[in-house]
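1. Pasting the sequence and the predicted coordinates here, then a few questions.
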Amino acid sequence: MIIRIKAPPLPAEKIFSRVVCIILLIFLKKSNLFVASLLAMTCFSLFYEFVFYQDFIVSLCYFEYSFYRVESDIIEHQKGLAGIEMSLLVNTVSTQSHHTNAGFRNPFPGFKETKITDFFKWKIFDSLKNGKPQKPKRYYFEIVENNGKYLRENKTDFTVTWIGHSTLLIQMDGMNILTDPIWSERCSPVPFAGPKRFVKPGLALEDLPDIDVVIISHDHYDHLDRTTVKKLGKKPLYLVPSAVSKRLQKWGLDNYKELDWWESLQHNGIEFACMPAQHFSGRTPGDRNRTLWCSWVFRGEKNNFYFAGDSGYFPGFKEIGQRYGPFDLAAIPIGSYMPRWFMRPIHLDPGEAVQALQDVKGKICIPIHWGTFDLADEPLDMPPKELLHNVDKLHLPRENFLILQHGETQVVAGNH
Ligand SMILES: [Zn+2]
């Protein structure tokens, strides 16, 4: 059940600015005058509505329509990817239907690929209709003062700490593991624009315990952040889905292992298994779905954990539950889900998140992918309210859903 609040009509200048942006986009696509177009759009958006420029940056990141060669290594990177794809094809194309000649795909029944026209329909025409939840100008999130002292000293307890968005610190079997780490101010290819964080990271990067393993679910900017990865440096082992390691190589790292769906490895007594997800990938023009997306299982001697990454609802959750469940703890994304007609294939809504938890046989749920970056139509604080609404509707115990505050640590199970 989604609470719908009647949206006020858009002022005329906002409609005008969006129409002009579309014309500029078409111009951009048909010409090589990228820089001129971008400058014009920047001036225009600053004058009229800076927020829409940020929307536009999100569209660029997601849908390959601009930022040609923002990073100078793109061409080389893509050449490198071609090599990786070939080796994957040789090894796995006969058994893995998620591989294609150009990269990867979602092979699940009922999955419908999102098109660029759908994106424009969402960003331009949907705004003109009623039925979109109204977003508050400010949000008030509680932040737990976490100085990291307990976490640095802990060698025994199974703990989870929410840093924000999909970034978790998991302490399991004496190992310190980060999921999709992002400490940057924006999830964007450029530092001056793009979705900005509403809440500062719940634990400073400098206050972290020594990190043993970093897992990455896919290469979108809100999940694979170059600045954070560079700061974390060479000490941790990075576990990434197929073809993502070329990116780490370009950033000077060599301490990674790349896994395909259903592959796993042992590291310091924990099995890390790369699991399917229903999502997509891409950071630059022309690299959509060139790298794989995934979820992760950690299986230790005493405890286990499932990290769903970014995913729409798909039959893979049941299979993961059958093969690796039940899980002591499962991190499930609950945010960036509206509008449903657009987001359904790639992002769970809170109701589907409850179903996904049950499918994977998760005992305790940590909701992620909310409350930090504004990436969709719902207000940032709406996903946990919707989650609890669904939990109550199904008469499930609320205490099994740990809605953490930024910086909050919960001990899942102790060894003493
Ligand atoms: Zn994503």
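-> All right, it came through fine. Residues are numbered from 1 along each chain as shown.
2. From now on I want contacts and neighbour counts done on CA atoms only, so please keep to that.
-> OK.
3. Please enumerate the strands of the stretch 101-250 of the chain.
-> 158-164, 167-172, 175-179, 213-215, 237-241 (DSSP state E, counting those that start in this stretch).
4. With distance to residue 291 added, can I get the ones you listed in a markdown table?
-> A markdown table is the format used below for the strands of the stretch 101-250 of the chain (distance: least, CA to CA, whole Å):
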| stretch | distance to residue 291 |
| --- | --- |
| strand 158-164 | 24 |
| strand 167-172 | 20 |
| strand 175-179 | 18 |
| strand 213-215 | 15 |
| strand 237-241 | 8 |
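5. residue ranges with poor pLDDT in the stretch 301-416 of the chain?
-> Within the stretch 301-416 of the chain, the stretches with pLDDT under 70 are 414-416.
6. which residues of it fall in strands?
-> According to DSSP E, counting those that start in this stretch, the strands that the stretch 301-416 of the chain contains are 304-307, 327-333, 362-368, 409-413.
7. and residue 109, which of the ones you listed is closest to it?
-> The minimum distance between residue 109 and these falls on strand 327-333, with 21.1 Å, by CA to CA.
8. Just the C-alpha atoms of that closest one, please, in CSV.
-> Output of strand 327-333 as CSV, limited to C-alpha atoms (Å, rounded to 0.1, in the frame of the first residue of the first chain):
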residue,chain,number,x,y,z
PHE,A,327,20.4,-16.6,7.0
ASP,A,328,21.0,-15.1,10.5
LEU,A,329,21.0,-11.7,8.9
ALA,A,330,19.9,-10.3,5.5
ALA,A,331,20.5,-6.8,4.1
ILE,A,332,17.6,-6.0,1.7
PRO,A,333,17.2,-2.8,-0.3
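9. quick one, it and strand 409-413 angle?
-> 150 degrees (axes from the mean of the first three to the mean of the last three CA atoms, to 10 degrees).
10. so what secondary structure elements neighbour strand 327-333?
-> For strand 327-333, the elements it packs on are strand 304-307, helix 350-360, strand 362-368, judged by 3 or more CA pairs under 8 Å, 6 or more residues apart in numbering; DSSP states H and E.
11. go again using 6 Å as the cut-off
-> Secondary-structure packing of strand 327-333 (3 or more CA pairs under 6 Å, 6 or more residues apart in numbering; DSSP states H and E): strand 304-307, strand 362-368.
12. okay if I get these as CSV plus distance to residue 409 and mean neighbour count?
-> Rendered in CSV, the data for the helices and strands packed on strand 327-333 read as follows (distance: least, CA to CA, whole Å; neighbours: other CA atoms under 10 Å):
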stretch, distance to residue 409, mean neighbour count
strand 304-307, 16, 26
strand 362-368, 11, 23
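13. The ones you listed: which one's closest to residue 281?
-> Nearest to residue 281 among these is strand 304-307 (17.3 Å), distances taken as CA to CA.
14. partner strands of the closest one, parallel or antiparallel?
-> As defined by DSSP bridges, the strand partners of strand 304-307 come to strand 295-299 (antiparallel), strand 327-333 (parallel).
15. Number of residues surrounding residue 101?
-> Counted with other CA atoms under 10 Å, the neighbours of residue 101 add up to 12.
16. residue ranges with poor pLDDT in this protein?
-> 1-96, 124, 127-133, 285, 414-416.
17. again, only using 90
-> 1-97, 101-102, 109-143, 188-196, 283-288, 302, 338-342, 376-377, 413-416 (pLDDT under 90).
18. in it, which spans are helices?
-> Assigned by DSSP state H, the helices in the chain fall at 12-30, 34-48, 50-63, 74-92, 116-120, 149-153, 226-232, 245-250, 316-324, 340-343, 350-360, 382-393.
19. The closest residue in space to residue 318 that isn't next to it in sequence: neighbour count?
-> The shortest distance from residue 318 to any non-neighbouring residue, by CA to CA, 6 or more residues apart in numbering, is to residue 359 (4.6 Å). Using other CA under 10 Å, residue 359 is surrounded by 20 other residues.
20. what's near enough to touch residue 359?
-> Residues near residue 359 by CA atoms under 6 Å, 6 or more residues apart in numbering: 317-318, 321.
21. Of the residues you listed, which is the most crowded?
-> Counting neighbours by other CA under 10 Å, residue 317 comes out on top of the contacts of residue 359 with 23 neighbours.
22. Distance-wise, check residue 252 relative to residue 246.
-> 10 Å (CA to CA, to the nearest Å).
23. ok, back up a step: could I get the strands of the stretch 301-416 of the chain as JSON lines with distance to residue 224?
-> Output for the strands of the stretch 301-416 of the chain, formatted as JSON lines (distance: least, CA to CA, whole Å):
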{"stretch": "strand 304-307", "distance to residue 224": "15"}
{"stretch": "strand 327-333", "distance to residue 224": "16"}
{"stretch": "strand 362-368", "distance to residue 224": "15"}
{"stretch": "strand 409-413", "distance to residue 224": "23"}
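24. Looking at those strands, which is nearest to residue 150?
-> Using CA to CA, these put strand 409-413 closest to residue 150, at 9.5 Å.
25. I'd like to know which elements that closest one is packed against.
-> Under the contact criterion of 3+ CA pairs under 6 Å, 6+ apart, strand 409-413 touches strand 158-164.
26. what's around the nearest residue to residue 148 once chain neighbours are set aside, how many residues?
-> Counting by CA to CA, 6+ apart, residue 148 lies nearest to residue 207, which is 5.3 Å off, once chain neighbours are set aside. Neighbour count of residue 207, defined by other CA under 10 Å: 13.
27. Distance of the residue nearest to residue 225 when sequence neighbours are not counted relative to residue 304?
-> Leaving out its chain neighbours, the residue that sits closest to residue 225 by CA to CA, 6+ apart is residue 182, at 5.5 Å. From residue 182 across to residue 304, the span is 23 Å (CA to CA).
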